[in-house]
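Engineer: This is a predicted model, with the sequence first.
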Amino acid sequence: MTGLHSFNLLNEIIDLHKKYFPDKRTHRLNLKERIIMVFFKLKQGLSFAILGILFNYLSSETFRITYNVMIPQLAQIFQSLVYWPSKQETSSKVLSRDFSGWSNNLY
């Protein structure tokens, strides 16, 4: 439901987050719950109100704030792991409809 394929992957993400963004205050949700919440939102497109019900904790506004804080942090962690083609490369591939050089591995 989160798109994460194993608990090992989740634990690696948690370890990286702790390394680069150590908590400076207490949170109602622990780091594992916050990361799972973000991946639920990304994978399932759930509203913050539904996340509040699923996690049985907080208001939708609190989830929205948590999400908006976590997204840039996770983006920074994953930045070196995800290849982002240049605008020129994507434009040339789309215009020529030549996708042969791109991998079909989306998962």
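Structural biologist: Alright, I've got the coordinates. What you see is a predicted model; the values in this text were computed from it and never measured.
Engineer: Extract the residue ranges of the chain that are flagged as low pLDDT.
Structural biologist: Applying pLDDT under 70 to the chain picks out residues 1, 93-107.
Engineer: longest helix in it, by residue count?
Structural biologist: Longest helix in the chain, counting residues (DSSP state H): helix 60-78.
Engineer: Need the residues that contact it.
Structural biologist: For helix 60-78, contacts defined as CB atoms under 8 Å, 6 or more residues apart in numbering pick out 13, 16-17, 20-21, 27-29, 34-35, 37-38, 41, 47-49, 51-52, 55, 58. Where you see a C-beta, it was placed from the backbone N, CA and C, and this is true even at glycine.
Engineer: Now, of the residues you listed, which are buried?
Structural biologist: Buried members of the contacts of helix 60-78, counted by 16 or more other CB atoms under 10 Å: 13, 16-17, 21, 29, 34-35, 37-38, 41, 48, 51-52, 55, 58.
Engineer: Name the nearest residue to residue 20, ignoring sequence neighbours.
Structural biologist: Sequence neighbours aside, residue 77 is the residue nearest to residue 20 in space, at 6.2 Å (criterion: CB to CB, 6 or more residues apart in numbering).
Engineer: same thing with residue 10?
Structural biologist: Using CB to CB, 6+ apart and skipping residues adjacent in sequence, the residue nearest residue 10 is residue 4, 5.2 Å away.
Engineer: okay, which residue is most central for the protein?
Structural biologist: residue 39 (5.1 Å; CA atoms, centre = their mean).
Engineer: Go ahead and list the helix or strand containing it.
Structural biologist: Using DSSP states H and E, residue 39 maps to helix 31-44.
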